[in-house]
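A.B. asks: have a look at this prediction, sequence included:
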Amino acid sequence: MTDFQARPGQSVDRYDVTSRLGTDYYQVFADISADDRAVWQRAQSFVDEVGTQMQQAWDAATYPLDLAMRLGEFDLFNDGIDHPGLTRFSPLAAGLVNMEVSRGDGSLGTVIAVQGGLALRTLALFGSPEQQDRWLGPIARGEVPAAFALTEPDHGSDSVSLETTARREGEEWVLDGAKKWIGNGASGGVTFVWARVADPTAPEHGAVRCFLIEQDTAGYTGTVIGGKASLRGIHQALVTLDAVRVPLAAVLPGAKTFKDASTVLYSTRSGVAWSALGHATACYEAALSYSQQRTQFGKPLAKFQMVQERLAQMLEELTAMQLYCRHLADLETSGGLRPTQASLAKYHNTRAARRIAATARDLLGGNGILLENGVMQHMADIEAIHTYEGTESVQALLIGRDITGMSAFA
């Protein structure tokens, strides 16, 4: 939020603000159902309650885990996962939650992506009935922080080449390796670790499996990564696995290949597109409010032709982002969403969000670098979402392979 709008915690209806500012210029969200709007408003209420504290946490680079896990109290971790043990969100409602929470604070948006989109989805899709009975509810309610560990120090975009290994020893699995950029990886909960089976005598030798590991297991070490200039209100960890022993029942029976990990990533790619929309909306609103109230050379900035042109350019891109997201949700609802369509939305929206943030920061002049005005924080956080769940280049190659029928990966 900015000095020129209601701050989180104040009793102001943000939807009235949105209407006044004309953010939804094409009325893309004017016809949403009452159920979806209720979920959206629940997300707004949460952000309004904790927003100021999260802004302080971002500035101090601390992770207020207790606040983040309260997303579970508001039942906001579902992320559109269809499972009998979870509240069902429509794809549109799940997207609106990602948008609204990211609009308030990008670190919280990433908490949803990690706890809900990645970890909870992995358990719901691939976990055994026993694993789901034990962990699904606590993770969904935010009682247990959960992490998804795929990326490694030397394998980000080429995560299919993961080097973390798992081998059978009697009635146990033994895991060795390292993971990097693992949200909630040092938060004292559970981690879903993807590893390659390294046992020539086993029929599944070379296969990629997923293991549920409690973070207090001997040999598991999560170290918070310092020095971040983005998403400073959530901790990512470097996770080392040194002969971590877990029972045979720790493996998720439904996760048998790297394609299963890709299924989770494809599902969350839509959430990144929505998150980018939230960040861009906050930047646009800040720029518009500032231009209407900041006076220079005897008149409001909003009366200058150059400023109006910049606002029009920002709104043009913001509206395109909204249309991408709304149709993305419609495709998913109909069951017709293809992975590369989600990639295109992520590709477009994070690129557009970068441009909107840069324009907003410039329009605010020197005040644009102040955290209290919001834009600089969103600008920094956009840099992270532009990279995670598949970089711009990887998304382009996925789309390129789809439209040409030829792969540039190998």
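C.D. replies: That came in fine, so what should we check first?

A.B. asks: disregarding residues adjacent in the polypeptide, which is nearest to T221?
C.D. replies: Counting by Cβ to Cβ, 6 or more residues apart in numbering, T221 lies nearest to T240, which is 4.7 Å off, once chain neighbours are set aside. Every C-beta, even on glycine, is put in place using the N, C-alpha and C of the backbone.

A.B. asks: which residues touch T263?
C.D. replies: Shown in contact with T263 (Cβ atoms under 8 Å, 6 or more residues apart in numbering): L125.

A.B. asks: over to it: give its phi and psi.
C.D. replies: Phi and psi for T263, reported as degrees, to the nearest 10, are phi -60, psi -40.

A.B. asks: check P300 too.
C.D. replies: On the backbone of P300 - angles per degrees, to the nearest 10 - the values are phi -60, psi 150.

A.B. asks: burial count for it?
C.D. replies: With neighbours defined by other Cβ atoms under 10 Å, the count for P300 comes to 14.

A.B. asks: same check on K303?
C.D. replies: A count of neighbours around K303, defined by other Cβ under 10 Å, yields 14.

A.B. asks: and the helix or strand harbouring D59, what's buried?
C.D. replies: Counting by DSSP states H and E, the element that carries D59 is helix 34-60. Counting neighbours by 16 or more other Cβ atoms under 10 Å, one finds that the buried residues in helix 34-60 are 36, 39-40, 43-44, 46-48, 50-51, 53-55, 57-58.

A.B. asks: report the distance from it to the chain centre.
C.D. replies: Helix 34-60 sits 15 Å away from the centroid of its parent chain (Cα atoms, centre = their mean, to the nearest Å).

A.B. asks: pLDDT averaged over that helix - what is it?
C.D. replies: Averaging the model's pLDDT scores along helix 34-60 yields 94.

A.B. asks: which other helices and strands contact it?
C.D. replies: Counting contacts by 3 or more Cβ pairs under 8 Å, 6 or more residues apart in numbering; DSSP states H and E, the secondary-structure elements packed against helix 34-60 are helix 14-21, helix 65-73, helix 91-104, helix 106-111.

A.B. asks: 7 Å instead?
C.D. replies: If you count contacts as 3 or more Cβ pairs under 7 Å, 6 or more residues apart in numbering; DSSP states H and E, helix 34-60 packs onto helix 65-73, helix 91-104, helix 106-111.

A.B. asks: centre of the chain to the second one, how far?
C.D. replies: Going back to what we said before, that points to helix 91-104. 10 Å.

A.B. asks: mind checking the pLDDT average for that helix?
C.D. replies: For helix 91-104, the mean confidence score works out to 96.

A.B. asks: got a list of contacts for it?
C.D. replies: Taking contacts as Cβ atoms under 7 Å, 6 or more residues apart in numbering, the residues outside helix 91-104 that touch it are 8, 32, 36, 39-40, 43-44, 47, 51, 76, 78-80, 108-109, 112, 270-271, 274-275, 277-279, 281-282, 325, 329, 332-333.

A.B. asks: of those residues, buried ones?
C.D. replies: 8, 32, 36, 39-40, 43-44, 47, 51, 76, 78-80, 108-109, 112, 270-271, 274-275, 277-279, 281-282, 325, 329, 332.

A.B. asks: what's the first-to-last distance across stretch 203-217?
C.D. replies: Stretch 203-217 has an end-to-end distance of 27 Å (Cα to Cα, to the nearest Å).

A.B. asks: any buried residues in that stretch, and which?
C.D. replies: A207, V208, R209, C210, F211, L212, I213, Q215.

A.B. asks: what about the fifth one, distance to H83?
C.D. replies: Yep, that's F211 we're talking about. For F211, the distance to H83 (Cβ to Cβ, to the nearest Å) stands at 20 Å.

A.B. asks: try the second one
C.D. replies: Relative to H83, V208 is positioned 23 Å away (criterion: Cβ to Cβ).

A.B. asks: returning to what we had before: so the residue nearest to T221: helix, strand or coil?
C.D. replies: Reduced to three states with DSSP: H, G, I helix; E, B strand; the rest coil, the structure at T240 is strand.

A.B. asks: same thing with the one 4 residues further on?
C.D. replies: The three-state assignment at V244 reads strand, by three-state DSSP.

A.B. asks: wait, what's in contact with it?
C.D. replies: Taking Cβ under 7 Å, 6+ apart as the contact definition, V244 lies against V174, L175, I213, T217, G219, Y220.

A.B. asks: also L136?
C.D. replies: G85, L123, A124.

A.B. asks: for the residues you listed, could you give me JSON lines that also reports neighbour count and pLDDT?
C.D. replies: As requested, the contacts of L136 are exported to JSON lines (neighbours: other Cβ atoms under 10 Å; pLDDT from 0 to 100):
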{"residue": "G85", "neighbour count": "12", "pLDDT": "85"}
{"residue": "L123", "neighbour count": "29", "pLDDT": "97"}
{"residue": "A124", "neighbour count": "23", "pLDDT": "96"}
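
A.B. asks: got CSV for the residues you listed, with distance to M69 and secondary structure too?
C.D. replies: Putting the contacts of L136 into CSV (distance: Cβ to Cβ, whole Å; DSSP: H, G, I helix; E, B strand; the rest coil) gives the following:
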residue, distance to M69, secondary structure
G85, 18, coil
L123, 16, helix
A124, 18, helix
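
A.B. asks: check what pLDDT D82 gets.
C.D. replies: What the model reports for D82 is a pLDDT of 88.

A.B. asks: how far away is the residue nearest to G177 when sequence neighbours are not counted from D242?
C.D. replies: Excluding its sequence neighbours, the residue lying closest to G177 (Cβ to Cβ, 6+ apart) is T164, at 2.8 Å. To D242, T164 is 11 Å away according to Cβ to Cβ.

A.B. asks: who's more crowded, those two?
C.D. replies: Applying other Cβ under 10 Å to T164 and D242 shows that T164 carries more neighbours, namely 22 against 12.

A.B. asks: any chance you could read off phi and psi for that one?
C.D. replies: According to degrees, to the nearest 10, T164 has phi -60, psi 130.
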